[in-house]
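Chemist: Quick one, what's the 3D model for this:
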Amino acid sequence: MKKNLSLALSLILLLFAACKKNAPVASGELASTSGELKITSVIAELKNLPTAQLRRLAYSTLSPKEKYAAWKDNAVQLSTSFTAEQKVVAAELTNFISPDLFVSFSPLKTMLFIDQWLIKAKKVFTDAQIRSLAFDLYAKPDVVAVNEAELRVNTEDGGGTECNCSEASNFCGDKKKCDANSNCREPSSHCGAFWQYKCDNVCAASNPE
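Modeler: Predicted coordinates:
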């Protein structure tokens, strides 16, 4: 089962890469428009992938500019149902990110911003909305729990569960925590704030004290 799963994921990633490669390219006066069309095409492919695991795989192939565009589009998409107060807080998030953020990652800069932003965000958003804005990409707030379950793929050979959070930058929400004792399989990148941290743990229910 694990082999079949890996083959399926590889095939989907190849198809995504092919679509990305075949996006329109131009030069001269049309270069800007063509570049925007390419980014729009890439984002459309990314947001249609059914699970966070597949989105992480596809995300790893994006350029810094495409990653920036994806996060900004994600926030804009979510903001359509926000109140005026929520939109102000969401705008602070989109104003912080830029293509440069995905070129040279500064953990301290990101951490300082996120810590301050969360103070405001927790006053106006649900945990699921916060996670969807800053810690997940194209996951609707009401199906975040479903996406997390999809990531926990148990294999017949005891491969464990998929890592889906980062201990260094974690926000599982919904009375969950990034379990430091988790033995999740295949640690990878693209977890935490803006998917800039290593995926090394699993969101799990917190034990009541």
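
Chemist: quick one, helices of the protein?
Modeler: In the chain, the segments counted as helices under DSSP state H are 2-21, 31-47, 52-59, 64-79, 84-96, 107-124, 127-130, 144-151.

Chemist: From the contact counts, what lies against the shortest one?
Modeler: Here helix 127-130 touches helix 107-124, going by 3 or more Cβ pairs under 8 Å, 6 or more residues apart in numbering; DSSP states H and E. Yep, even glycine has a C-beta here, placed from its N, CA and C like the rest.

Chemist: Any buried residues in the helix it packs on, and which?
Modeler: Burial within helix 107-124, assessed by neighbour count using 16 or more other Cβ atoms under 10 Å, is assigned to 110, 113-114, 117, 121, 124.

Chemist: go on, stretch 133-142?
Modeler: Neighbour count says stretch 133-142 has 133-139, 141 buried, by 16+ other Cβ under 10 Å.

Chemist: got the residues you listed as CSV, with pLDDT and distance to residue 48 columns?
Modeler: What follows is those, written out as CSV (pLDDT from 0 to 100; distance: Cβ to Cβ, whole Å):
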residue, pLDDT, distance to residue 48
133, 95, 20
134, 96, 21
135, 94, 20
136, 92, 15
137, 93, 12
138, 92, 8
139, 83, 13
141, 47, 18
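
Chemist: Same list, these, but as CSV with distance to residue 99 please.
Modeler: Listed next are the buried residues of stretch 133-142 as CSV, based on distance: Cβ to Cβ, whole Å:
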residue, distance to residue 99
133, 19
134, 17
135, 20
136, 20
137, 16
138, 19
139, 23
141, 26
